[in-house]
Structure formats: C-alpha cells, structure tokens
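Colleague: mind looking at a prediction? Sequence and model below.
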Amino acid sequence: MLSMSVRVRYAPSPTGLQHIGGVRTALFNYFFARSQQGTFILRVEDTDQSRSTDEALQDLYDTLHWLNIRWDEGPLVGGPCGPYIQSQRFEIYQKYAAELVESGKAYPCYCSEERLANLREEQAAAKSKEQGYDRHCRNLSAQQRAEFEHQGIKPVIRLKVPLEGSTTFHDVLMGDITRKNRDVNPDPVLLKSDGFPTYHLANVIDDHLMGITHIMRAQEWIPSGPLHVLLYEAFGWDVPQYCHLPMVMGKDGQKLSKRHGSTAVREFKEKGYLPEALTNYVSMVGWSYDGVKEFFTREELEQVFTLEKINKAPGVFDYKKLDWYNGMYIRAKSDAELASLLTPYLAKAGFVTEPCSARQQERIDAMVPIVKERLKVLSDVVEMTRFLFEDIACPPVDQMLPKNQTVETTVQVLNATIPVIKELGKASDEDLEQRLASIATERNLKINGVFMPIRVAVTGSTVSPPLFDSIRLLGLETTMIRLERAITTLTQHMGK
RNA sequence: GUCUCCUUCGUCUAGUGGUUAGGACAACGGGUUUUCAUCCCGUCAACGGGGGUUCAAUUCCCCCAGGAGAUGCCA
C-alpha cells in the first residue's frame, strides 16, 4: 500500500439523543473507512460538562449498536490512541494550551461573562461591523496579568488569530475555501475557565494525536475550517483532508429538528423502523450511486461508497420516502423473522405475554403473512390487529351500512350470511365467496354490500385484513357473537 | 450587520457544450381485488433570474436573487 491508511472518526457530544443528522455523519465516515480498508474511530466530545449526560452517552452506544455501526477504536473497545473520551484527556489539552501560550500563539483572557455579554449585545444592536470578542486582553502586560491573577480571576485561553492575511483550507467537495483572517472568529476561546477545552482546541489536538486523515463532518463547520487550520499551523502540525457533508433539513428547508417530526434515532426504533431501512434511506440523502439503484445492503455500501458521489447541496429528510423504504424492507423479511420483530409491539399493547404462550405464538405466526404487506412500521400491527385481541364495541349503525343500503336490507343480508360463515373451514374460501356473492346478486346488491357489514361487525372497522383470514384468526365463536350483536343492534334501530 | 457555502420536477437525485433532461418517493388517474394494502399501468412535474463565452448552453465564467450555516467559556 502506497498511501497512508485512512483513519476517520465520528465525534459526537453526548448532550442529547442521537439524531438523524448525526448518524448520517457516522454512517458516511463508517462507509468511507470500510471502503478504504481504513479505521473508523468513535470519540466522545464531552467537554461541555454542564450539558453532557450519561443518558446521552448510553443512547449513543445503543444507537450505533442498533444500526450496526461498529467502531474499530473508541470507548468500550479501546485502541492505541486512547482514552477516547475527551473528559479523560483533560491534562493533554492543558499541556497543549500552555504550549501555545508560551509560544505566544495564545493568551489568557480575564474578561467577565457580563462584559462579553454586554459587548455582544451592543454590537448586535449597533449592527456593528465588528462582531465578537474585542481582543481586550490580547496585549495585557505581564503586570496587568499578575494583577488579575492576584484577584483570583480564572482566565480563559484565547487563540491569537492573525490580524492580517488569510487562511485557506481544501475541501474534497468544495475545493479551496479561503477566509480573511480578520473575518475568522476574533480570538476564540481555546480553554474555558473550568479548564476544559472548547471544541476547537480538543478537536484539533485529538484529530492530530489520533492520526485522523479525513475529517468528515457537517457543513455547519465550514466557517470554522480556517480557524482550525490556524490551530494546526500554530502547533506546527499537518492539516488533514476535509470533507464537509451537506446538512439534513426539514421540509421547510431549516435544519432538521424536533418540530419536523421525529429526529432521535431512538424514536424511529420505537415506532418500528428497521435499522437496515433507516440506514439505507439516510445514506441516500446527500449521496447516490448512479441515481437509479436505491437499495443497498450495508455490505454494498461498505464497498461502493465514495466521497466523490456526495452531494454539495443540503437535502430534505423525506419521512414518506423512509416509510416506503421501511415497507419494502418489512415485506422482504421472512415470516418467522417478522413474527419475532412484531412480538414486542404486541406484548407492549398487552395482546400477548412475553414470552408468549404456544397458543399465542401460533396466532402470531398465522397473522404475520396477512399483516405483512400492510405495515409501514412495525407498530402499525397494534391497531391493525386490535380486534383480534380485545373485545370491540359494537360499531355504530351508520358505519355498518354500506352505501345506498338500508338498515332492513343490511339485517337481511347479515342473517343470510350467518349459515355461510359457519361453513368457514369446512368449505373452501372460493366456495364461501361464491355463496356470499350470490346473496348479493339475489338482492341486486354489490358484493361489497355483503362483505362490508360483516367486516365492520367483526373487525369494528371498514378497513381490515381480508375477511376470511380475519375471521379465522378471531375464531368462529367470537365472530358469531359479534355478528349476532350487530344484528341485534341494527334490529333495535329499525324499531325506532 | 459581516463572513462562508449552496441552487435540476413538491422531495431525493442522474446527467451532458448539441438528450424527447432519466430514475425513485409523493400526488393524481386507471387496472387487479371482499375493504385496506400489495402488485401492475399511466399522468402531472425541474435545469432560480440576468449578462457573457460559444455555431450551440442546464452544462463554462461573472453578477443578482433566494436559501442555509457561522458569527458562544455549545458542539
């Protein structure tokens, strides 16, 4: 091998649940690493002590496991560049920050939060050309510093961004991106007063120390690209390759967020999206193979993924298309596999016990082929099969009446129907269907005029799985009770 | 306000200096069907605008507009 092997990382901060945008970044990094026989690293950026939570960290692990994104190095698995959790690398950042101060590339700043807040407010109000820190502490004398230290003020460390010149970095997708140094954040904080690094510092140090070759992250980071290059240069380190990924937006073109619908991967899991469907769909926003092929196994993606095919423009996350993918993946499952995927949803609804009895298992197995082509998400099974597990209320009269049919004819139809239904299992379905059809024609009704009242009486809805299948699953006994009850209700209504 | 990035059907996208601008989802219509769904068939639908360059621009260049992002002791 001629070139240095690829090392990429996904470096989320555990401050919230993993969301669609995040896992898309993870996936692209992961696929790129695999396609290059490279290394995929997970790094936890928990430098914001007030916002990082254990729950979010656990959610990160759960989500990556669920999506089957395995990291070669990182927390839980270790690796040669550990630790991979930034809060455990505290001293490293201290050391490098001190180095920068010593070499004059950074300086301590003693400004209070209040002063900075006021400054920002004034600048915004005045629509000032200068926005951001005013470099107040950039040129403090040693004496002034000593004075502040004496007062016990904990300083932050700020980068001394050059006032002149410009900085360029190369992006695999965008090409060269240049920014004048005076437009770069004016002296951003590198080390906070609690001693923890900011993203900028930790990120650059760790990417260097961990030998990251390609930085693939969302485009929202583009503006800080030059800043990071400045940092690499301040340390005298090589700059990795950049590849800024297009963002994932909601329907309104804004950054995807909760108000667009579910965004946490955990929610998709709970609703019954399959990980392979989610992976497949998410991979197709911002990337395509040839514009035609759109079903990819994960192995194919690991093989065929290339940076060049990534789109530059942001993409809208289309929930409808995800549903379509999910339905396709559900239908591709074997009945047995689908049965076991569905069982937790049935158990949660209280329809079956977990683990379920042999009798329940039998019923689920019989149900699966019937619901399979009707499911968009696994949880749909609950409402779809509720009538099988719970006693339903007798539907209201008008719901039981087919179009253009009176209560009288409907009662007659239902009565005529009962002896036929009782034959279920004894005669063939075709035979039964024939006989129900003739009940309709004898009365000059459409065939639906016979099926629909039965369907509504038995399932409680005008929409259900095929009638005979539904009855078989329900059992003849319960079916008869519901039919008789419907007839009684209708008859009573007639008298009024 | 300033800086940066982006711009092909409603959405995800393919594509080329000369194409009937292709596919998928959605929508709509039709067929199959005991409802729904599946499945099949079809319809609608796009190169943001203005300048160039060129015999020829959706494609190359410039400007504008629109959108997004950044501008934190958050990442």
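Modeller: Structure received.
Colleague: tell me the SS of the one residue in chain A that gets nearest to RNA strand B?
Modeller: Ranked by Cβ to the nearest atom of the strand, the top residue of chain A for proximity to RNA strand B is A:Gly291, at 2.2 Å. In this view, the C-beta of every residue, glycine as well, is placed from N, C-alpha and C. Here A:Gly291 takes the coil state, with states given by DSSP: H, G, I helix; E, B strand; the rest coil.
Colleague: count the residues that sit near it.
Modeller: A:Gly291 is flanked by 7 other residues according to other Cβ atoms under 10 Å.
Colleague: and stretch A:11-23, what's its mean pLDDT?
Modeller: On average, the pLDDT along stretch A:11-23 is 95.
Colleague: pull the residues that contact that stretch.
Modeller: Stretch A:11-23 is contacted from outside by A:10, A:26, A:42-48, A:51-54, A:56-57, A:59-60, A:63-64, A:67, A:69, A:199, A:203, A:206, A:217-218, A:247-248, A:255-256, A:263-266, A:282, A:317, using Cβ atoms under 8 Å, 6 or more residues apart in numbering.
Colleague: repeat that for stretch A:475-485.
Modeller: Here stretch A:475-485 has contacts from A:392, A:394, A:414, A:417-418, A:421-422, A:424-425, A:454, A:457-458, A:471, using Cβ under 8 Å, 6+ apart.
Colleague: A:Arg217 reaches A:Gln241, doesn't it?
Modeller: No: between A:Arg217 and A:Gln241 there is no contact under Cβ atoms under 8 Å: 11.8 Å.
Colleague: neighbour-wise, which of these two wins?
Modeller: Using other Cβ under 10 Å as the criterion, A:Arg217 and A:Gln241 rank with A:Arg217 on top: 20 against 16.
Colleague: quick one, what contacts that one?
Modeller: A:11, A:25, A:244-245.
Colleague: and if you look at A:Val381?
Modeller: Applying Cβ under 8 Å, 6+ apart, we find A:Val381 in contact with A:272, A:342, A:345-346, A:371, A:375.
Colleague: recalculate using a threshold of 10 Å.
Modeller: Contact analysis of A:Val381 by Cβ atoms under 10 Å, 6 or more residues apart in numbering lists A:272, A:338, A:341-343, A:345-346, A:349, A:351, A:364, A:367-368, A:371-372, A:374-375.
Colleague: so it lies in a strand, does it not?
Modeller: No: assigned with three-state DSSP, A:Val381 falls outside any strand and is helix.
Colleague: name the nearest residue to it, ignoring sequence neighbours.
Modeller: A:Leu342 (5.1 Å; Cβ to Cβ, 6 or more residues apart in numbering).
Colleague: so what touches the helix or strand where A:Leu119 lies?
Modeller: In the assignment (DSSP states H and E), A:Leu119 maps to helix A:113-125. Residues from elsewhere that reach helix A:113-125, judged by Cβ under 10 Å, 6+ apart: A:109, A:111-112, A:128-134, A:136, A:156, A:189, A:193.
Colleague: taking those one by one, which sit in strands?
Modeller: A:109, A:156, A:189 (DSSP state E).
Colleague: now those residues in JSON lines, with pLDDT and distance to A:Gly78?
Modeller: Output for those, formatted as JSON lines (pLDDT from 0 to 100; distance: Cβ to Cβ, whole Å):
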{"residue": "A:Cys109", "pLDDT": "95", "distance to A:Gly78": "37"}
{"residue": "A:Val156", "pLDDT": "96", "distance to A:Gly78": "32"}
{"residue": "A:Val189", "pLDDT": "96", "distance to A:Gly78": "31"}
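Colleague: check contacts around the nearest residue to A:Glu220 once chain neighbours are set aside.
Modeller: Leaving aside its chain neighbours, A:Glu220 sits nearest to A:Met247 (6.4 Å; criterion: Cβ to Cβ, 6+ apart). If you count contacts by Cβ under 10 Å, 6+ apart, A:Met247 has them with A:21, A:24-25, A:218-220, A:254-256, A:285-286, A:313-315.
Colleague: of those - the most surrounded one?
Modeller: Ranked by the number of neighbours (other Cβ under 10 Å), these place A:Arg24 first, at 25 neighbours.
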